[in-house]
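Undergrad: build me a structure from this.
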Amino acid sequence: MNQNVIELTNVRKEFVSTKHYPGFKGAVKGLFTKETETKVAVDDISFSIEEGEMVGYIGSNGAGKSTTIKMMSGILTPTQGTCLVNGIEPYKNRKVNAKNIGVVFGQRTQLWWDLPLSETYTVLKEIYEVSDEDFKERMNFFYEVLELEEFIHNSVRTLSLGQRMRADLAAALLHNPKVLYLDEPTIGLDIVVKDRIRQAIRGINEKYNTTVILTTHDLGDIEELCKRIIIIDAGKKIYDGTLLDLKRSYGGSCNIHFEMKEIPSAEKIQSIHNISDKMGIAVKKKTLSVNFNKNDFTVAQVIGKIMADIEVTDVQIKETELTDIVKRIYQNGVEAV
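TA: Residues are numbered from 1 along each chain as shown. Model prediction:
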């Protein structure tokens, strides 16, 4: 049984700032008053993540994702609660924590801009005290899964976005961290490079049992890599469970489009509408669309009912996508979906 690598217990983070007033009078007032305002970025969040898990940590802009990641990486200190990563409090043991984590930010790089990529890895090898044997083994692995050899001797400033992201991922993993934080790792990448990055992350997790925390607005990354998802909104955790359960609980709607052999008569259309009052049925020329909840019918039952009454030449099934579910949760909250 895997042990918990990350444990957050009732974590809260507040930011206190000086209140500013508009205009010249406001500026003068600010010289003589020290009013402050408090913003709660993370509000009583608790969760644990096991070794080797790949977890999607998502929320709308300003929900508190980055603040949580910064507390887990040791950059910020919680106002209340406890945050443990590999059994230590990151903000109290930053050097030890840094040796156990890797971080990739899609919009920022940790690479030295003017150095050849090969020299960057040599410098990181010395910083993290990686042995010659481990360095060689890991670089060979990165050559295989990230295809670094084609640009390993180029300076970082000459790399394309896709090459830089692959290089950043290798840099974050060179010291074989137990935990990898990924913040928008595929942002701006074309579909081919994006798929390569996803395959590499999956391969790294399988080979080294690396725990991966992925924050992204690209839900394709989540579906490809993560079985578990944590959703936060306004600093509060609103969902923690598997993707499968999320889809079962909030994605019950299903649409089936039938292509009919011929345009049905008015009597036939009426008989179709009479099949069930729990189905939303629309007919347009030769296309019949049926919307229903999978708690009421299975897909097989709906197809059987329709095909028993009309002659069909083609069938298309469209279930509710993860993007639609999450969008509704962002807009309305879990209870309203």
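
Undergrad: give me the below-cutoff pLDDT ranges for this protein.
TA: 1-2, 20-21, 24, 26-32, 251-252, 319-321, 331-337 (pLDDT under 70).

Undergrad: domain-wise, how is it divided?
TA: The chain breaks down into these domains under automatic domain parsing: 51-75+93-247, 252-319.

Undergrad: with respect to burial, which of those scores highest?
TA: Mean neighbour count (mean count of other C-beta atoms under 10 Å) peaks for domain 51-75+93-247 among these, with a mean of 18. Heads up, the C-betas are built off the backbone N, CA and C, glycines and all.

Undergrad: ok so, going back, including distance to L8, could the domains of the chain go into TSV?
TA: Formatted as TSV, these follow (distance: least, C-beta to C-beta, whole Å):
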stretch	distance to L8
domain 51-75+93-247	8
domain 252-319	31
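
Undergrad: to V42, which of these lies closest?
TA: For V42, the closest of the domains of the chain is domain 51-75+93-247, at 4.5 Å, according to C-beta to C-beta.

Undergrad: can you tell me the distance between the two ends of that closest one?
TA: End-to-end distance of domain 51-75+93-247 (C-alpha to C-alpha, to the nearest Å): 25 Å.

Undergrad: and that domain, how far from the chain's centre?
TA: Between the centre of domain 51-75+93-247 and the centre of its chain there are 12 Å (C-alpha atoms, centre = their mean, to the nearest Å).

Undergrad: which ones are touching C254?
TA: By C-beta atoms under 8 Å, 6 or more residues apart in numbering, C254 lies in contact with N291, F292, N293, K294, V299, V302, I317, K318, E319, T320.

Undergrad: before we move on, what SS does the first one have?
TA: Right, N291. For N291, the assignment made with DSSP: H, G, I helix; E, B strand; the rest coil gives strand.

Undergrad: tell me the contacts of it?
TA: Contacts of N291 (C-beta under 8 Å, 6+ apart): S253, C254, N255, M279, G280, I281.

Undergrad: if we take those, which one ends up nearest to V40?
TA: S253 (34.2 Å).

Undergrad: mind listing the residues bridging to that closest one?
TA: N293 (DSSP bridges).

Undergrad: from what I see, it and D296 are in contact.
TA: No: assessed by C-beta atoms under 8 Å, S253 is found out of contact with D296, at 10.6 Å.

Undergrad: helices of the stretch 51-200 of the chain, start to end?
TA: Assigned by DSSP state H, counting those that start in this stretch, the stretch 51-200 of the chain shows helices spanning 65-72, 94-100, 117-127, 132-146, 161-173, 191-208.

Undergrad: tell me which of those helices lies nearest to K34.
TA: Closest approach to K34 among the helices of the stretch 51-200 of the chain is made by helix 65-72 (24.7 Å; C-beta to C-beta).
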